[in-house]
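1. what follows is a predicted protein model with its sequence.
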Amino acid sequence: MNPARSWPGTSYYQVEAGDERANRGALDEDGECDIAIIGGGLAGISTAVSLMEQGVDSVRVLEADQPGAGASGRNGGFVFAGYSLANDMLFKQLGREQATLMHGWTRDAVRRVRERINRYSIDCQVNDAGVLLADWFHDDRRLRAFQGRMLKQLDFRLDFVERETLRSLVDSPRYGAGLMEPGSFHFHPLRHIRGLATQLQQSGIHVHSPSPVTRISRNERGWRLTSGQFTLQAREVVLTTGGYDRKLWPSLQKALQPIATYVAVTEPLDGLAEQLVPGGIAVYDTRFAFDYFRPLPDGRMLWGGRISVADRSPDAIRRLLKRDLRKVFVDMKGARFEQAWGGWMSYARHEMPLLGRSPEGLWYGLAFGGHGMATTTLAGEVLAEAICGNGARLEAFARWQPLWAGGMLGRGVVQSKYWWLQLKDALRAHLSVGRDRK
Ligand SMILES: Cc1cc2nc3c(=O)[nH]c(=O)nc-3n(C[C@H](O)[C@H](O)[C@H](O)COP(=O)(O)OP(=O)(O)OC[C@H]3O[C@@H](n4cnc5c(N)ncnc54)[C@H](O)[C@@H]3O)c2cc1C
C-alpha cells in the first residue's frame with residue numbers, strides 16, 4: 001500500500017470495536033499456497049470465504065494494514081442492492097433480460113451477507129429497519145415513475161412510502177415521499193469484516209496482517225509475492241486492493257480512480273437520534289450528491305456524504321458535514337461530531353466493478369465504488385467460482401474492461417463532473433420549492 005493514501009484520524013468503528021492488532025500476524029516466513037489474495041477488504045475477504053465454503057483451504061490473504069482498514073471497515077454500513085452504475089444505465093446497456101439477471105445477483109448478495117452473519121454468528125449490530133431512498137425534490141410523479149421503471153426493467157421491487165409516512169420515519173421537512181428497498185439493512189462494517197476474517201482463521205485460512213505486498217512476479221510455478229522480508233509462492237493470485245494501491249500491477253490499476261467520501265459520527269444525543277429517526281432506518285436521498293445517515297445503537301447519529309478527490313483532515317470533514325446535517329435536522333445544530341473520517345472508493349470509468357483475469361493470468365476484483373457491501377460479496381462468489389473452474393458469471397463482467405482512468409486529468413474530470421451535478425441538484429431543488437408552493 002502507498003501509505004500516503006491511507007487516512008488520518010480514527011473512525012468511530014475502530015473506537016467502538018477496539019484495536020485487534022494483536023489477533024492476527026504478519027507473514028513472517030517464506031511459504032506456499034494455492035491461492036493468494038492481496039488486500040483484506042471485503043472483496044478479498046469475501047473471495048477467501050467463498051473459496052472456503054467451496055472446500056478450498058490452501059488460501060492466504062495478505063493485508064497491508066488490518067482487515068477492513070480500507071473502505072470496507074469505514075463505510076456508511078448500508079447493505080443494499082445494485083452497482084455504482086445507475087440502474088437505468090444498466091438496463092440501457094444490457095436490455096431487460098441480462099440487466100434483471102445481473103441486478104438480481106446483487107439482491108442475492110444482500111441475502112448472502114445476512115446469511116453469513118447468521119451462519120458465523122457475527123455480532124455486527126444488524127439493523128433490519130432497512131434502507132430508504134428519500135426524495136429531496138418533493139416530486140412524487142418522478143419518484144413513482146422511477147419505482148415503475150425499476151420493476152419493469154429489472155424486476156426490482158421498491159415500496160412507495162407516502163410523504164406522511166416518511167415524515168413519521170424521518171422528522172425533517174426536507175423530504176417528500178420515499179422508496180424502501182425490501183431486504184436491505186444496515187450494520188457495523190468493521191465488526192462484520194473482522195468476524196469474517198476470524199472465521200477464515202478458525203477454518204485454517206491465514207489472514208496475514210499487517211503484510212503489505214510490495215512486488216508480484218510471474219514464474220514457472222505461478223506467482224511469487226514479496227511482503228517485507230518474506231516471499232510467498234502461489235499458484236493463483238487475486239488482486240483486491242481497492243482504491244488503496246495503484247502500483248502493484250499498473251496495467252490493471254491504471255483503470256482505477258480513487259475517490260473519497262466522508263463520514264462523521266455525533267456524540268451520544270440523549271434520545272434525539274431516536275426521536276428524529278424513530279424507526280431506526282438508514283436514509284439516503286435522490287440527489288446525485290446525496291447525504292446518507294443512520295442512527296447508531298448507542299444513541300449517536302452517523303452522517304455521511306460528499307464525493308471528492310481530496311483527502312481532507314478530520315476537522316475539515318466535520319465542518320463540511322455539519323453544514324449538510326443542519327440542512328436536514330435543524331434540531332441537531334448543537335450536536336458535536338466526535339469522529340470524522342474519510343475513505344477511498346475505487347471507480348472505473350464505466351462505474352461497473354472490474355472482475356476478471358488479466359492476460360498474464362492475474363485474477364482481479366476492483367472498482368466497487370460507493371456500492372460495495374453487496375457487490376464485493378458477489379465478486380467473491382464470482383471469482384471463487386471461476387477459480388474453481390466455472391467462469392460463466394465472470395464472463396458476464398467481461399464487457400466492462402479495465403480502461404485507463406485518465407490519471408490526474410481523470411481526477412480533475414471527476415471532480416468537475418461532481419460539482420456540475422451538485423449544481424444541477426441545487427437548481428432542481430430550487431425549482432421544486434417553487435412547485436411545492438404553487
Ligand atoms: C466513507 C465510505 C462510505 C461508504 N459507504 C458505503 C455504504 O454505506 N454501503 C456500501 O455498499 N458501500 C459503501 N462504500 C463503498 C464500499 O465501502 C467499498 O466499495 C468497498 O468496501 C470496497 O471494498 P474493497 O475490498 O474493494 O476495498 P477496500 O475495503 O478499500 O480494501 C482494499 C484493501 O487492500 C489493502 N491493500 C492495498 N494495497 C495493498 C498491498 N499492496 N498489499 C496488501 N494489501 C493491500 C488495503 O489496506 C485495504 O484494506 C463506502 C465507501 C466509503 C469510503
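-> Nice, I can see it.
2. the residue in the stretch 151-300 of the chain that the ligand sits nearest to: neighbour count?
-> Using C-beta to the nearest ligand atom, residue 242 is the residue of the stretch 151-300 of the chain that sits closest to the ligand, at 2.5 Å. Every residue, glycine included, has its C-beta placed from N, CA and C. Close neighbours of residue 242, defined as other C-beta atoms under 10 Å, add up to 27.
3. dump the residue contacts of residue 154.
-> 87, 90-91, 96, 99-100, 103-104 (C-beta atoms under 8 Å, 6 or more residues apart in numbering).
4. now it: closest residue in space that isn't a chain neighbour?
-> residue 103 (4.5 Å; C-beta to C-beta, 6 or more residues apart in numbering).
5. ok, the residue most central in space within the chain - contacts?
-> Residue closest to the mean C-alpha point of the chain, counted by C-alpha atoms, centre = their mean, is residue 372 at 2.8 Å. With contact set as C-beta under 8 Å, 6+ apart, residue 372 has these partners: 42-43, 71-72, 75, 345.
6. just to revisit the earlier point, so what's the residue count around the residue nearest to residue 154?
-> 22.
7. now it: how far from the ligand?
-> The gap separating residue 103 from the ligand is 14 Å, by C-beta to the nearest ligand atom, to the nearest Å.
8. that residue and residue 128, how far apart?
-> Distance, residue 103 to residue 128, using C-beta to C-beta, to the nearest Å: 22 Å.
9. residue 56 now?
-> Distance, residue 56 to residue 128, by C-beta to C-beta: 32 Å.
10. where does pLDDT dip in this structure?
-> Applying pLDDT under 70 to the chain flags the ranges 1-6, 21-22, 433-438.
11. spell out which parts of the stretch 101-250 of the chain neighbour the ligand.
-> 212-213, 240-245, 248 (C-beta under 6 Å from any ligand atom).
12. what subset of the contacts of residue 372 is also close to the ligand?
-> Near the ligand, by the rule C-beta under 6 Å from any ligand atom, you find 42-43, 71-72, 75, 345 out of the contacts of residue 372.
13. sort out which residues of stretch 282-297 are buried, please.
-> Within stretch 282-297, the residues that count as buried by 16 or more other C-beta atoms under 10 Å are 282-287, 289-296.
14. oh, that last question was meant for stretch 20-34, not what I typed.
-> 20, 24, 27, 31, 33.
15. what's the answer for stretch 336-355, then?
-> For stretch 336-355, by 16+ other C-beta under 10 Å, it's 337, 339-355.
16. one more: stretch 311-325?
-> Buried-residue list, stretch 311-325, by 16+ other C-beta under 10 Å: 311-312, 314, 317-318, 320-322, 324-325.
17. which one of these is nearest to residue 412?
-> residue 311 (15.7 Å; C-beta to C-beta).
18. what helix or strand is the closest one on?
-> Using DSSP states H and E, residue 311 maps to neither a helix nor a strand.
19. so what's the residue count around the closest residue to it other than its chain neighbours?
-> The shortest distance from residue 311 to any non-neighbouring residue, by C-beta to C-beta, 6+ apart, is to residue 260 (5.9 Å). For residue 260, the count of nearby residues is 19 (other C-beta under 10 Å).
20. contact partners for residue 260?
-> So residue 260 contacts 306-312, 342-345 (C-beta under 8 Å, 6+ apart).
21. one more: residue 101?
-> residue 396.
22. tell me the one among the residues of the stretch 101-250 of the chain next to the ligand nearest to residue 332.
-> Closest to residue 332, out of all of these and judged by C-beta to C-beta, is residue 243, at 30.4 Å.
23. go ahead and confirm the closest one touches residue 348.
-> No: between residue 243 and residue 348 there is no contact under C-beta atoms under 8 Å: 11.0 Å.
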